[in-house]
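Asks: mind folding the following:
(one chain, ligands or ions: 1)
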Amino acid sequence: MSNANDDGFLLDFLNPALMSSPQGEYAKARESGAVCRTAHTGMPVISRYEDVVWGLRHPEIFSSEMEEQMQLGTERPMIPQQVDPPVQTQFRRILDPCFSRKRMAALEPEIRRHAAELIEAVVDAGECDFNPAFAIPLPCTAFLHLMGLPEEELDLFLRLKDGILRPHQQIGTFDMEAGQAHRKKIGKEIYAYFEDVIAARRRNPGDDMVSFLLQTEIDGQRLTDHEILDVSFLLILAGLDTVTATLGCNMAFLASNPDLRRRLVEDADRIPAAMEELLRWETPVTGVPRLCVQDTEVGGMPIRKGEMVTFLLGAANTDGGEFPDADHVDFAREANRHLSFGAGPHRCLGSHLARMEIRVALEEWHRRIPEYRIREGETPLYSPGIREVQYLPLVWERAP
Ligand code: HEM
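Replies: Numbering: from 1, shown residues only. Next up is the predicted model:
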């Protein structure tokens with residue numbers, strides 16, 4: 001395989017086919033060279049497994065401190081995603097234990113109860129629109145439990161999250177300036193909400209994330225209110241849509257592949273391995289951006305200081321150099337070192353929570369609704385960037 005991108009392959013991020021079944025485009029990106037470019041902006045894209053792991057492990061070359069990321073209604077960089085080591089490492093040292101597998105397991109009964117309630121609400125109808133019925137509310141409730149906030153805040157948080165991530169839906173226009181102004185307004189609401197939470201937890205500490213952050217120190221210093229706000233803001237943006245997208249991708253796949261689905265129904269112990277394989281194959285977060293801060297080379301191809309770069313996790317996850325028979329979805333795959341949660345210092349903080357939510361969702365759904373399909377005549381539509389299945393109408397036989 002040559003390292004030069006001599007066939008001039010350009011990755012078209014706006015091509016809908018890239019989002020619905022992207023694996024073919026990923027293969028073209030990998031085969032065209034170590035670095036290909038995007039069709040619209042010419043941004044370098046790194047797609048081979050080894051190169052993606054290498055790049056994400058070198059934040060001194062590929063930084064997460066990017067002006068472009070400050071467009072999400074925030075007044076300061078979100079912590080830890082938009083800061084580089086060594087400051088980022090200090091935050092991860094205190095945050096990682098809060099998101100440990102053991103701590104997340106304590107949330108499982110509540111998540112399971114809520115998943116079962118959501119399913120119960122639709123089971124007799126024999127159909128549902130999967131996102132509003134299940135994939136959107138479930139992760140939001142998980143987030144509220146994590147933060148020690150009441151479930152009644154669900155609608156408020158959905159509005160805040162969508163106000164930042166999809167301002168056009170709330171303002172009825174795709175105008176960029178209007179969108180930015182709306183994000184700023186919603187951003188202020190998020191800060192104001194969490195300022196109140198901080199004040200309340202200072203008076204009455206509990207067993208929740210904000211109380212923990214208030215008592216935590218880095219180098220003998222308590223966190224500032226700004227730092228606590230910057231972590232809380234990120235958790236809303238990082239922890240809700242990602243799980244929604246993963247649930248949608250998984251269910252669209254399982255609805256269309258009944259033989260594989262029946263294996264999970266027959267034996268729920270297969271669900272954790274199937275979940276990992278679907279994370280690999282579907283890769284809901286398709287890529288992560290970085291700013292190149294020193295001239296460098298990947299696979300002999302130059303990348304210049306100042307260029308924005310995309311590390312294409314989906315392409316790395318289907319690289320035959322790492323995954324034997326990479327184009328085969330194998331629920332019994334032995335070694336599965338997929339990069340769906342990223343790699344290097346910024347690897348997903350919430351992966352144990354995400355895995356628990358997805359596993360519980362798949363267990364509860366298949367226990368109650370083992371046979372289902374996508375409504376005839378409908379084709380799931382995937383969004384770019386994060387592959388959210390925007391409309392997933394599922395149907396099943398109603399109980400007699
Ligand atoms: C299946 C669901 C999820 C997927 C696929 C996912 C994916 C990712 C990826 C790829 C990154 C790396 C970003 C980068 O390198 O720039 C990341 C980072 C992060 N994720 Fe997740 N995520 C998921 C769920 C969650 C949840 C539930 C939470 C918390 C509630 C969360 C919190 C975070 C945070 C805070 C970071 C930043 C970590 C850092 O910069 O040190 N994620 N996630």
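
Asks: what does this protein put close to the ligand?
Replies: 64, 80-81, 88, 92, 143, 234-235, 238-239, 242-243, 246, 284-285, 288, 340-342, 346, 348-350, 353-354 (CB under 6 Å from any ligand atom). All C-beta spots, glycine's among them, are computed from the backbone N, C-alpha and C.

Asks: once you drop chain neighbours, what's closest to Asp84?
Replies: In this structure, Asp84 finds its nearest non-sequential neighbour in Pro59, 4.8 Å apart by CB to CB, 6 or more residues apart in numbering.

Asks: could you confirm that neighbour falls within a strand?
Replies: No. Judged by DSSP: H, G, I helix; E, B strand; the rest coil, Pro59 forms no part of a strand; its state is coil.

Asks: residues near it, how many?
Replies: 21 (other CB atoms under 10 Å).

Asks: OK, contacts around it?
Replies: Pro59 makes contact with 84-85, 88, 344-346, according to CB atoms under 8 Å, 6 or more residues apart in numbering.

Asks: ok, the spatially closest residue to Gln215 that is not a sequence neighbour - contacts?
Replies: In space, and not counting its chain neighbours, Gln215 is closest to Pro205: 7.1 Å by CB to CB, 6+ apart. Pro205 sits next to 211, 214-215 when contact means CB under 8 Å, 6+ apart.

Asks: turn the residues you listed into a markdown table, including pLDDT and distance to Ala106.
Replies: What follows is the contacts of Pro205, written out as a markdown table (pLDDT from 0 to 100; distance: CB to CB, whole Å):
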| residue | pLDDT | distance to Ala106 |
| --- | --- | --- |
| Ser211 | 94 | 15 |
| Leu214 | 95 | 20 |
| Gln215 | 94 | 18 |
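
Asks: from the residues you listed, which land in helices?
Replies: 211, 214-215 (DSSP state H).

Asks: most neighbours among the contacts of Pro205, which one?
Replies: With neighbours defined as other CB under 10 Å, the most crowded of those is Ser211; it has 19 neighbours.

Asks: thought that residue was touching Arg201?
Replies: Yes. The criterion here is CB atoms under 8 Å, and Ser211 meets it with Arg201 at 4.6 Å.

Asks: closest residue of the stretch 151-300 of the chain to the ligand?
Replies: The minimum distance from the stretch 151-300 of the chain to the ligand, using CB to the nearest ligand atom, falls at Gly239 (2.5 Å).

Asks: mind listing what that residue touches?
Replies: 139, 142-143, 146, 350, 353-354.

Asks: redo that, cut-off 6 Å
Replies: 143, 350 (CB atoms under 6 Å, 6 or more residues apart in numbering).

Asks: which parts of the stretch 151-300 of the chain are strands?
Replies: Remark: strands assigned in the stretch 151-300 of the chain by DSSP state E, counting those that start in this stretch are 217-218, 221-222, 288-292, 296-298.

Asks: hey, which of the ones you listed is tucked in deepest?
Replies: Highest mean neighbour count of the strands of the stretch 151-300 of the chain: strand 288-292, a mean of 20 (counted as mean count of other CB atoms under 10 Å).

Asks: who are the packing partners of that one?
Replies: Contact analysis of strand 288-292 by 3 or more CB pairs under 6 Å, 6 or more residues apart in numbering; DSSP states H and E lists strand 62-63, strand 308-311 as its packing neighbours.
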